[in-house]
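Chemist: predicted model and sequence below, questions to follow.
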Protein chains: 2
Amino acid sequence: MIKFVALYKHPEDKEKFDEHYFSTHAPITEKIPGLLKMDVTKFVGSPMGGESEYYLMCEMYYESMDTFKTAMKTEEAKASGKDLMSFAKGIVTFMIGEEVNE
Amino acid sequence: MIKFVALYKHPEDKEKFDEHYFSTHAPITEKIPGLLKMDVTKFVGSPMGGESEYYLMCEMYYESMDTFKTAMKTEEAKASGKDLMSFAKGIVTFMIGEEVNE
């Protein structure tokens, strides 16, 4: 299983970010062919107190690296990427991960 | 549901890190009372090519903020924290998150 992870730093305007993220960006992203599951986590703090390093995380699951790579070439993925740049440029980091089965 | 997230930067010696993480640290951490599930993800790259910003992520699930806070005060959590400092000091970041149900 491939886990594609997007980590977002704290946006300047959290209300505006949330509005765009949940009403526009998430629905566009969910349409990407091959996407099995999408989990969104909102960070509320750090165990040492104070603000967490990131604001939000989105985890997108794909069956394999091949299905992930194919998905990234679709029109739906391009639309998601284009939308992303309209509201999260400079605050988002992406990583490709593999789940470890201990 | 509370998701306690540990993000690890790339260690200097990956082999040594993996050996300690999977043979010692994960088993100690899994004993923390109240921990419902623990998911480990290893990052293999970034979509733009090159190395990912982080090396590994561990997601630990707790039923609520109360059960999480209680868990953090146990001897098992203290043992996990002490072990962590022996191999990952300076490369680990923790965040407390809440899953968003869209």
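Modeler: Sure thing, it's come through.
Chemist: okay, and for chain A, where does confidence drop off?
Modeler: For chain A, residues meeting the criterion pLDDT under 70 lie at A:102.
Chemist: where exactly do the helices run in it?
Modeler: Remark: helices assigned in chain A by DSSP state H are A:14-20, A:26-29, A:65-72, A:75-87.
Chemist: need these in JSON lines with mean neighbour count and distance to chain B, can you?
Modeler: The way it works is simple: take the backbone N, C-alpha and C, and place the C-beta from them, glycine included. Below are these laid out as JSON lines (neighbours: other C-beta atoms under 10 Å in any protein chain shown; distance: least, C-beta to the nearest C-beta, whole Å):
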{"stretch": "helix A:14-20", "mean neighbour count": "14", "distance to chain B": "10"}
{"stretch": "helix A:26-29", "mean neighbour count": "16", "distance to chain B": "6"}
{"stretch": "helix A:65-72", "mean neighbour count": "16", "distance to chain B": "7"}
{"stretch": "helix A:75-87", "mean neighbour count": "15", "distance to chain B": "9"}
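Chemist: identify whichever of those lies nearest to B:K9.
Modeler: Go through those one by one with C-beta to C-beta and the one that ends up closest to B:K9 is helix A:65-72, at 23.1 Å.
Chemist: what is that closest one packed up against?
Modeler: Helix A:65-72 sits against strand A:2-8, with contacts defined as 3 or more C-beta pairs under 8 Å, 6 or more residues apart in numbering or on different chains; DSSP states H and E.
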